[in-house]
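**Student:** Mind looking at a prediction? Sequence and model below.
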Amino acid sequence: MSRAQVIVHRGCEVLMVKHRQGGAEWWCLPGGAILDGESPAEAALRELAEECHVVGRVVRPTSVVTYGPDDRHYTFLVDIGDQEPRLGRDPEYEGDRQVLVDVRWMRLDQLSERDRAFLWTAGLLGVGPFGEMVLGWGDAVSCPADPADQGR
């Protein structure tokens with residue numbers, strides 16, 4: 001199933017939505033499934049409105065990642081002006097099954113390595129200040145060790 005999502009930023013903060021499902025929690029960009037008859041950009045803006053209660057304007061696409069024959073993730077840089085996001089809902093999950101639990105502006109140092117990795121594939125390096133920020137990080141290795149490599 002293909003997904004459309006948005007990158008919305010203010011300075012060095014990115015708008016993120018927290019999901020909780022099956023005992024796991026993660027932060028991701030606002031987004032979700034592309035419905036029949038929708039373009040990826042239309043889906044991205046609809047998902048932003050559902051999850052964050054804001055209306056956006058697509059500035060440009062930032063990436064398309066193919067995970068399988070019928071599984072593409074489309075990402076768009078979106079402007080929301082000075083609107084203030086607030087937690088919405090995922091209409092696929094009603095009542096106590098709701099998976100959205102928080103929405104907030106976040107700096108990269110507030111996100112896990114895993115959640116940041118998905119931001120890079122979404123095209124964050126080409127957005128606003130983030131490319132410059134990465135150039136200043138230096139050469140230190142920060143990737144968590146693979147447990148399978150511990151015995152080698």
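**Tutor:** Perfect, I can see it now. Numbers count the residues shown, from 1 in each chain.

**Student:** Which helix runs longest in the chain?
**Tutor:** helix 40-52 (DSSP state H).

**Student:** Check what contacts that helix and list those residues.
**Tutor:** Under the contact criterion C-beta atoms under 8 Å, 6 or more residues apart in numbering, helix 40-52 has outside partners 2, 4-6, 8, 15, 17, 30-35, 38, 54-56, 58, 61, 74-76, 78, 80, 85-91, 100, 103. To be clear about C-beta, it is placed using only N, CA and C from the backbone, and glycine gets the same treatment.

**Student:** all helices of the chain, in order?
**Tutor:** Using DSSP H, the helices found in the chain span residues 40-52, 113-121, 130-135.

**Student:** what distance separates the first one from the centre of its chain?
**Tutor:** The chain centroid and the centroid of helix 40-52 are separated by 12 Å under C-alpha atoms, centre = their mean, to the nearest Å.

**Student:** Equivalent analysis for the shortest one, please.
**Tutor:** Using C-alpha atoms, centre = their mean, the mean C-alpha position of helix 130-135 is found 18 Å from that of the whole chain.

**Student:** What of the second one?
**Tutor:** Average the C-alpha atoms of helix 113-121, do the same for its chain, and the two points are 9 Å apart (C-alpha atoms, centre = their mean).

**Student:** what's it packed up against?
**Tutor:** In terms of contacts (3 or more C-beta pairs under 8 Å, 6 or more residues apart in numbering; DSSP states H and E), helix 113-121 is packed against strand 24-28.

**Student:** Touching the strand it packs on from outside, list them.
**Tutor:** Residues contacting strand 24-28 (C-beta under 8 Å, 6+ apart): Gln5, Met16, Val17, Lys18, His19, Val101, Met106, Leu111, Ser112, Arg114, Asp115, Phe118.

**Student:** returning to that earlier point: deepest-packed of the helices of the chain, please.
**Tutor:** The highest average neighbour count among those, using mean count of other C-beta atoms under 10 Å, belongs to helix 40-52 at a mean of 22.

**Student:** in the protein, which spans are strands?
**Tutor:** Applying DSSP state E to the chain gives strands spanning 3-7, 9-10, 13-21, 24-28, 31-33, 57-68, 71-79, 100-106.

**Student:** Could you pull up the mean pLDDT of the fourth one?
**Tutor:** Regarding strand 24-28, the rounded mean pLDDT is 91.
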